[in-house]
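> Next one to model:
(2 chains)
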Number of protein chains: 2
Amino acid sequence: MTLTTAQADYDAFRAQGLKLDMSRGKPAPEQLDLSNDLLGPLGDHLATDGTDTRNYGGGIGLPEARALFASLLDQPVANVIVDSNASLSLMHDVIVYHLLHGAPDQPSWLSQKPVKFLCPVPGYDRHFSICLSLGIEMINVRLNDDGPDMDQVEALVANDPAIKGMWCVPKYANPSGAVYSDAAVTRLANMKTAAADFRLMWDDAYRLHHLTTSPCDVANILSACEAAGHADRAFIFASTSKITLAGAGMAAMAASASNLQWWQKHANIRSIGPDKVNQLRHVRFLKDRANVEALMMRHQAILRPKFDAVLAQFEAHLSGIAEVSWTHPNGGYFIDLQTPPGFAKKTVELAKAAGITLTPAGAAFPYGKDPQDRHIRIAPSFPSLGDITEAAKGIALCLKLALAS
Amino acid sequence: MTLTTAQADYDAFRAQGLKLDMSRGKPAPEQLDLSNDLLGPLGDHLATDGTDTRNYGGGIGLPEARALFASLLDQPVANVIVDSNASLSLMHDVIVYHLLHGAPDQPSWLSQKPVKFLCPVPGYDRHFSICLSLGIEMINVRLNDDGPDMDQVEALVANDPAIKGMWCVPKYANPSGAVYSDAAVTRLANMKTAAADFRLMWDDAYRLHHLTTSPCDVANILSACEAAGHADRAFIFASTSKITLAGAGMAAMAASASNLQWWQKHANIRSIGPDKVNQLRHVRFLKDRANVEALMMRHQAILRPKFDAVLAQFEAHLSGIAEVSWTHPNGGYFIDLQTPPGFAKKTVELAKAAGITLTPAGAAFPYGKDPQDRHIRIAPSFPSLGDITEAAKGIALCLKLALAS
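Here you go, the predicted structure:
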């Protein structure tokens, strides 16, 4: 393609004066509408065990909220706690408590500095922001379609006791859509780590967020860790943020009995308990796993056409261009568009000038540095179907102009 | 009084088989009922600025929630943020961020160890638990009826740069009911501190929680600090926990622009935002300051008779006993019963054996150590009026038995 054509296409696109923010995986208003009954009358305010949900207390969550998440996460109720609206906060605090207090019967991470985390890349920028903010060194490891490069991971953790943790989005990873294989889960659970207090931060954000009718399954990391003699290795995180209301849902954590006891000890200093009224509201709305799965099919019905529209535009405008590719995720909230090395930043800038805000190029990497400058995270969920179609075409034109320049 | 009589009175009381938990200042169910409309239909879900409260974002709270708290706290909206259900979490995190990151343009508190806090006593046990958990040394200072012993405070902070903070419950202090005088506020704002990053943790938990029709006023600490050239010295904390629903309300923080910027920078790493649907629900229910004040009068109507019942029982059974006294608070949630030195623990134990759970003796002091073993925190709010009357009588009988033994 000549520069002139690419420039003309881009200029025509830009002239539309779009103003679209595609930087985050926000649910669309019509997805939030699916849970509007949560805003309605709650009726009474008593939990099944008689707890007055309006009052103080209940640091580990209502029994029925724990039971619901236990069923969604395929874990025993005893291994699940339910908290406020953000699983990100649970992740942050788990790391802060390790830094300040240390794992059960272990010295604090701060007393063992430096502290390092493995980061499969591309990955979730907010995970990396936590590490950056808390002074934790990040080490990139390659994320394949079936999970992290386990040879690399095993070699690193076996030899460096400063490596205290690893971020994992095991299903429909943000942004690539990767799904961890059983072999990857087994190796993560079994691998020898030089650090006795090594932790898997298992962010199961998209566990039920399928884009096809044949859901992917990921092996149970807690069982695998327990079977391997590393019961305390994994913390699982989940939330209803992309099931009900993104900002007003509930978050959950699953872990070993010892880790949950440790958690409660520290979290109890910070708060007298989460919003149990909202937990009750959620449990009455969501009911049970079957009902949640039916709700997720309604999300899929809204999301799938948007993903299809992006894929169709990329196919129409970018197919056949050397070193340009994109993921075809079976679930989750993102598509990873890969440009030839050195063209992601430029493309994002051109899109911005045309009114489309994308996640900054590099955001999917620790320190915001995509070593090859080739990944662009596409978040199709929030814009309308019409807008997302236009935007995907526009992004493709931006990339073509960048390549032609 | 003879031991025989005291023992007989106690035995008769114990024989009733009471089972009352008076250990915490929990609102009574009829107080929570005052806000039951919060459980009802919300109607739409859009904030005044068009924000869809159901989605992600809004880390500093909804504009109308901030405006409401600004009015309740007599602060400019720009200096107020609104968060989730627990002001305790805001306090905890403010300290954690100072420990890990340091105050604006200052080294982290952890890099300046030891870190010490002044603790006016008797005080709030959960404040002290935060310090204990985070390895912060606590120094007792005397709390008088009109605020902390300022001579002692000024001498300590002027000479020890390790003293980084001080807990203050300026109005109707937990548990003594003390109200800080204007002079105390002025001295706290103006005093020279050896530490450049000294912070007042101003827990305004009972700002609107009057027990009389002539509310006490406390001077504006933020204005006083600013006038004194110490704009960043104070963080004010408040919540609706004892206004609407104890476990399902919203918390707020007021501070200088620089401190709020600092807060946002760190809090934004931890969460994408608080539950804005609940904020909207609260603002629509609470409406404005006048309406909140009317609601607080309805709380007073429920609480005042319970306080009166306790005071009447103490008067009837304990008046005239040497070195026994109790506070007559004008607001807040507690009465501080003072025994002769060495008798608090024994009295609490006897009460427990008779079915009344009180806050452990000593809990109102750092490290759980009341140096004279003479303070018992009475929390009249949760039990019914009948129960609290019985319980207060019982506690009096327990003290009398302890004294006679």
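> Going by C-alpha atoms from here, please, whenever you check contacts or count neighbours.
Fine.
> State the three-state secondary structure for whichever residue of the stretch 301-405 of chain A sits closest to chain B.
Minimum separation of the stretch 301-405 of chain A from chain B (C-alpha to the nearest C-alpha) falls at A:F382, amounting to 10.3 Å. Going by DSSP: H, G, I helix; E, B strand; the rest coil, the secondary structure assigned to A:F382 is coil.
> And the helix or strand where A:R377 lies, how far out from the chain middle?
Taking DSSP states H and E as the criterion, the element that holds A:R377 is strand A:375-378. How far strand A:375-378 lies from its chain's middle: 15 Å, per C-alpha atoms, centre = their mean, to the nearest Å.
> How about stretch A:54-61?
Going by C-alpha atoms, centre = their mean, where stretch A:54-61 is centred and where its chain is centred differ by 27 Å.
> cool, stretch A:203-216 as well?
For stretch A:203-216, the distance between its averaged C-alpha position and the chain's averaged C-alpha position is 12 Å (C-alpha atoms, centre = their mean).
> Give the buried residues for it.
Across stretch A:203-216, burial judged by 16 or more other C-alpha atoms under 10 Å in any protein chain shown covers A:203-211, A:216.
> So which of these are in strands?
With strands taken from DSSP state E, the overlap with the buried residues of stretch A:203-216 comprises A:D203.
> Select, from the buried residues of stretch A:203-216, the two members most distant in space.
Greatest spatial distance in those: A:D203 and A:L211, 18.5 Å, computed using C-alpha to C-alpha.
> if we can go back for a sec, quick one: pLDDT of the residue of the stretch 301-405 of chain A closest to chain B?
With respect to pLDDT, A:F382 scores 93.
> which residues touch it?
By C-alpha atoms under 8 Å, 6 or more residues apart in numbering or on different chains, the contact set of A:F382 is A:22, A:25-29.
> what pairs with the strand holding A:R377, and is each one parallel or antiparallel?
In the sheet, strand A:375-378 lines up against strand A:335-338 (antiparallel) (DSSP bridges).
> So what touches the strand it pairs with?
Residues outside strand A:335-338 that contact it (C-alpha under 8 Å, 6+ apart): A:175-177, A:307, A:323-329, A:344, A:374-380.
> Could I have the buried ones of these as PyMOL selection syntax?
Per 16+ other C-alpha under 10 Å, the buried members of those correspond to this PyMOL selection:
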select buried, chain A and resi 175+176+177+307+324+325+326+327+328+329+344+374+375+376+377+378+379+380
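> Show the residue spans covered by the helices in chain A.
Per DSSP state H, chain A has helices spanning A:3-14, A:29-33, A:63-73, A:87-101, A:125-133, A:150-159, A:182-190, A:221-227, A:257-270, A:276-286, A:289-318, A:344-353, A:385-404. These are given in chain order.
> just the CA coordinates of the second one, formatted as CSV?
C-alpha atoms of helix A:29-33 as CSV (Å, rounded to 0.1, in the frame of the first residue of the first chain):
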residue,chain,number,x,y,z
PRO,A,29,-24.3,-0.5,29.5
GLU,A,30,-26.5,-3.3,28.0
GLN,A,31,-24.4,-5.8,29.9
LEU,A,32,-25.0,-3.9,33.2
ASP,A,33,-28.7,-3.8,32.4
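> So which elements touch that helix?
Of the remaining helices and strands, those touching helix A:29-33 by 3 or more C-alpha pairs under 8 Å, 6 or more residues apart in numbering or on different chains; DSSP states H and E are helix A:289-318.
> can you tell me if the helix it packs on touches chain B.
No. Judged by C-alpha under 8 Å from any C-alpha of the partner chain, helix A:289-318 stays clear of chain B, getting no closer than 14.8 Å.
> between that helix and helix A:276-286, how many degrees?
Using axes from the mean of the first three to the mean of the last three C-alpha atoms, to 10 degrees, the direction of helix A:289-318 lies 80 degrees away from that of helix A:276-286.
> Flag every buried residue along helix A:289-318.
A:292-293, A:295-297, A:299-300, A:302-314, A:317-318.
> max-length strand in chain A?
Assignment by DSSP E gives strand A:137-144 as the longest strand of chain A.
> which residues sit against that one?
A:114-122, A:128, A:131-132, A:148-149, A:152-153, A:178, A:365-366.
> Can you turn the buried part of those into a PyMOL selection?
What follows is the PyMOL syntax selecting those of those that are buried according to 16+ other C-alpha under 10 Å:
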select buried, chain A and resi 115+116+117+118+119+120+121+122+128+131+148+153+178+365+366
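> For the helices of chain A, give me a markdown table that also has distance to B:T240 and mean pLDDT.
Formatted as a markdown table, the helices of chain A follow (distance: least, C-alpha to C-alpha, whole Å; pLDDT from 0 to 100):
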| stretch | distance to B:T240 | mean pLDDT |
| --- | --- | --- |
| helix A:3-14 | 48 | 91 |
| helix A:29-33 | 27 | 83 |
| helix A:63-73 | 24 | 98 |
| helix A:87-101 | 22 | 98 |
| helix A:125-133 | 30 | 98 |
| helix A:150-159 | 47 | 98 |
| helix A:182-190 | 44 | 98 |
| helix A:221-227 | 38 | 98 |
| helix A:257-270 | 17 | 98 |
| helix A:276-286 | 15 | 94 |
| helix A:289-318 | 32 | 96 |
| helix A:344-353 | 42 | 96 |
| helix A:385-404 | 41 | 95 |
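> Kindly reformat the ones you listed as CSV and extend each row with distance to B:N85.
Formatted as CSV, the entries for the helices of chain A read as follows, by distance: least, C-alpha to C-alpha, whole Å:
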stretch, distance to B:N85
helix A:3-14, 44
helix A:29-33, 22
helix A:63-73, 18
helix A:87-101, 14
helix A:125-133, 23
helix A:150-159, 39
helix A:182-190, 36
helix A:221-227, 31
helix A:257-270, 12
helix A:276-286, 10
helix A:289-318, 26
helix A:344-353, 37
helix A:385-404, 36
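> Tell me the spacing between the residue nearest to A:I272 when sequence neighbours are not counted and A:T51.
With C-alpha to C-alpha, 6 or more residues apart in numbering or on different chains as the criterion, A:I272 has its nearest non-adjacent residue at 5.3 Å, and that residue is A:G57. Distance check for A:G57 against A:T51: by C-alpha to C-alpha, to the nearest Å, it reads 9 Å.
> and if you look at A:D145?
A:D145 sits at a distance of 45 Å from A:T51 (criterion: C-alpha to C-alpha).
> and if you look at A:Q31?
31 Å.
> Looking at those two, which one has more neighbours?
Neighbours were counted for A:Q31 and for A:T51 using other C-alpha atoms under 10 Å in any protein chain shown; A:Q31 has more, 25 against 16.
> How much space separates the residue lying closest to that one once chain neighbours are set aside from A:Q313?
For A:Q31, ignoring the flanking residues on the chain, the nearest one in space by C-alpha to C-alpha, 6+ apart is A:H299 at 6.1 Å. Distance of A:H299 to A:Q313, computed by C-alpha to C-alpha: 22 Å.
> Then A:K19?
As for A:K19, its distance to A:Q313 is 19 Å (criterion: C-alpha to C-alpha).
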